[in-house]
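Novice: Sequence and predicted structure below; questions after.
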Amino acid sequence: MRAVDFWKANGRFDTAALETAIMNVIRKRSDSPENEMLIDEDSSGCKVFVCAVKGEDGRDVLLRSYYNEQQADNYSTGFKIWEACRATSAATTFFDNFERTYRGKKQTFIDGDLQ
């Protein structure tokens, strides 16, 4: 069954349980973890980033919590913290791919190892 899960891109672990765990961590610092945005508007917080891979074309995406005036960033804006966590955890043999809709466009994030 593991081989079937691998080829069908089914995660071995419960994605809903992962999302709940992510929300519980964010909830410790926020009253509404589902709405907490990745980009820190006042830029006073710690600057962090995670890497993810777009399912549409296999390109790497850098999701960051800060603005970089020297490099355009079409992905970080509009990302919520929990979404960035899921996008970077989309390791196919462990968790399902992550899909979201932003500005009416579907975006999929996949395991970078399968490129």
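Specialist: Alright, I've got the coordinates.

Novice: and the longest helix for the chain?
Specialist: Across the chain, the longest stretch assigned as helix under DSSP state H is helix 15-27.

Novice: list the helices and strands that one packs on?
Specialist: Applying 3 or more C-beta pairs under 8 Å, 6 or more residues apart in numbering; DSSP states H and E, one finds that helix 15-27 contacts helix 81-88. (Glycine included, C-beta is placed from N, CA and C.)

Novice: Quick check: buried residues in the next helix or strand after the helix it packs on?
Specialist: Moving toward the C-terminus from helix 81-88, the next helix or strand (DSSP states H and E) is strand 98-102. Neighbour counts over strand 98-102 (16 or more other C-beta atoms under 10 Å) mark residue 98 as buried.

Novice: and whichever helix or strand comes after strand 98-102, average pLDDT?
Specialist: Going down the chain from strand 98-102, the next helix or strand is strand 105-110, by DSSP H and E. Averaging pLDDT along strand 105-110 gives 90.

Novice: Hey, what's the angle from strand 105-110 to strand 98-102? Just curious.
Specialist: 160 degrees (axes from the mean of the first three to the mean of the last three C-alpha atoms, to 10 degrees).

Novice: so what strands line up beside strand 105-110?
Specialist: strand 49-54 (antiparallel), strand 98-102 (antiparallel) (DSSP bridges).

Novice: returning to what we had before: quick check: buried residues in the longest helix of the chain?
Specialist: Buried residues in helix 15-27 (16+ other C-beta under 10 Å): 15, 18, 19, 22, 23, 26.

Novice: want to try JSON lines for the residues you listed, with distance to residue 37 and pLDDT as columns?
Specialist: Shown next, in JSON lines, are the buried residues of helix 15-27 (distance: C-beta to C-beta, whole Å; pLDDT from 0 to 100):
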{"residue": "15", "distance to residue 37": "22", "pLDDT": "88"}
{"residue": "18", "distance to residue 37": "20", "pLDDT": "90"}
{"residue": "19", "distance to residue 37": "17", "pLDDT": "90"}
{"residue": "22", "distance to residue 37": "15", "pLDDT": "91"}
{"residue": "23", "distance to residue 37": "15", "pLDDT": "91"}
{"residue": "26", "distance to residue 37": "11", "pLDDT": "90"}
